[in-house]
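No sequence on hand, only this structure:
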């Protein structure tokens, strides 16, 4: 029986799609994925405790100028350890360039101990990056970090799934 959160043997990423299947090629170079993509990352307790000083990459940069990650929804699952995390403030947030999406509260990290787990669904709200040429989220990775103050203590792991598309930022 598969274990929880097991990745499929051959996931489809389609990161280098060019043209239309069965039709003429309409562009040269990398194109966005056809449809929604999924990123799946598990954070260790050490990574959770260091989110301020060491952001964790959830989705790597598209690798081509002119493309941006558009996150649609995240599912955050905290699998409790022996002690709930303690916090002195500062939101956990997802970031891409200067675009930032903060959780309303860090409660998912603060209330869960073994054998429990907690699940938070996070639809990405409307956000504006900093205008530039190119914009700051152009060819930028999506990371998770803490805005201020690392968590002070606690144990557990955090499994994060993000649904997203890659879109032209031109």
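Okay, I see it. None of the values given here were measured: they were computed from a predicted structure. Numbers count the residues shown, from 1 in each chain.

list the contacts for the spatially closest residue to residue 65 that is not a sequence neighbour?
Excluding its sequence neighbours, the residue lying closest to residue 65 (C-beta to C-beta, 6 or more residues apart in numbering) is residue 139, at 5.1 Å. Quick note: C-beta positions are derived from backbone N, CA and C, even for glycine. Neighbouring residues of residue 139 by C-beta atoms under 8 Å, 6 or more residues apart in numbering: 61-68.

Among these, which are located in strands?
67-68 (DSSP state E).

most neighbours, which of the contacts of residue 139?
residue 68 (25 neighbours; other C-beta atoms under 10 Å).

how about it, what does it touch?
So residue 68 contacts 62, 96, 135, 137-140, 166-169 (C-beta under 8 Å, 6+ apart).

One more pass at 7 Å, please.
137-138, 167, 169 (C-beta atoms under 7 Å, 6 or more residues apart in numbering).

what would the residues you listed look like in JSON lines with secondary structure and distance to residue 106?
Shown next, in JSON lines, are the contacts of residue 68 (DSSP: H, G, I helix; E, B strand; the rest coil; distance: C-beta to C-beta, whole Å):
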{"residue": "137", "secondary structure": "coil", "distance to residue 106": "24"}
{"residue": "138", "secondary structure": "strand", "distance to residue 106": "29"}
{"residue": "167", "secondary structure": "strand", "distance to residue 106": "29"}
{"residue": "169", "secondary structure": "coil", "distance to residue 106": "30"}
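
Count residues in the vicinity of residue 129, would you?
The criterion is other C-beta under 10 Å. On that basis, residue 129 has 17 neighbouring residues.

Could I get the pLDDT score of it?
Model confidence at residue 129, given as pLDDT, is 82.

Any stretches of the protein with poor pLDDT?
Along the chain, segments meeting pLDDT under 70 span 1-34.

Please tell me how far the residue most central in space within the chain sits from residue 98.
Taking C-alpha atoms, centre = their mean as the criterion, residue 58 is the residue nearest the geometric centre of the chain, at 3.9 Å. From residue 58 across to residue 98, the span is 17 Å (C-beta to C-beta, to the nearest Å).
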